[in-house]
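Peer 1: Okay, here's the prediction I keep looking at, along with the sequence it came from:
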Amino acid sequence: MSKSPDGAFLDAINLSRNSTVQLYHQIYDTLRSLIISGELASGTRIPSTRELMYDLKVSRTTVRHAFDQLIAEGYLSSR
């Protein structure tokens with residue numbers, strides 16, 4: 001069975017809508033940092049793009065851009 005992240009996962013994603021950094025890149029940076037630091041362990045199942053879209057109050061496209069970049073760089077895999 002896949003491991004699931006705890007509630008701290010969403011707490012770690014702090015988006016600044018006033019930042020010059022695009023929202024998708026803020027999500028990407030946070031997830032990448034969590035993966036590199038080991039806080040998000042290999043094999044951990046993360047929320048779907050739809051779940052994150054609702055939780056973060058951003059468009060699904062924004063979340064998909066972040067996920068696509070992480071997948072392209074080998075940090076995430078998709079099923």
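Peer 2: Thanks, I have it.

Peer 1: which residue sits closest to the residue nearest in space to the middle of the chain, ignoring its sequence neighbours?
Peer 2: Centroid-nearest residue in the chain, with Cα atoms, centre = their mean: Leu31, separated by 4.5 Å. Once flanking residues are discounted, Leu31 sits nearest to Leu70: 6.0 Å by Cβ to Cβ, 6 or more residues apart in numbering. Glycine gets a C-beta too; all of them are placed from N, C-alpha and C.

Peer 1: Distance from stretch 26-33 to the middle of the chain?
Peer 2: Averaging C-alpha positions (Cα atoms, centre = their mean, to the nearest Å) puts stretch 26-33 6 Å from its chain's average.

Peer 1: now stretch 17-32
Peer 2: Distance, centroid of stretch 17-32 to centroid of chain: 10 Å (Cα atoms, centre = their mean).

Peer 1: in that stretch, what counts as buried?
Peer 2: 23-24, 26-28, 30-32 (16 or more other Cβ atoms under 10 Å).

Peer 1: Out of the residues you listed, which is nearest to Leu56?
Peer 2: Ile27 (7.2 Å; Cβ to Cβ).

Peer 1: got the contact list for the closest one?
Peer 2: Residues in contact with Ile27 (Cβ atoms under 8 Å, 6 or more residues apart in numbering) are 13, 15, 52, 56, 58, 62-63, 66.

Peer 1: okay if I get those residues as TSV plus distance to Leu40?
Peer 2: Converted to TSV, these look like this (distance: Cβ to Cβ, whole Å):
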residue	distance to Leu40
Ile13	11
Leu15	17
Leu52	13
Leu56	16
Val58	19
Thr62	19
Val63	16
Ala66	13
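
Peer 1: Which of the helices or strands spans Glu39?
Peer 2: Using DSSP states H and E, Glu39 maps to neither a helix nor a strand.

Peer 1: How many residues are close by it?
Peer 2: 13 (other Cβ atoms under 10 Å).
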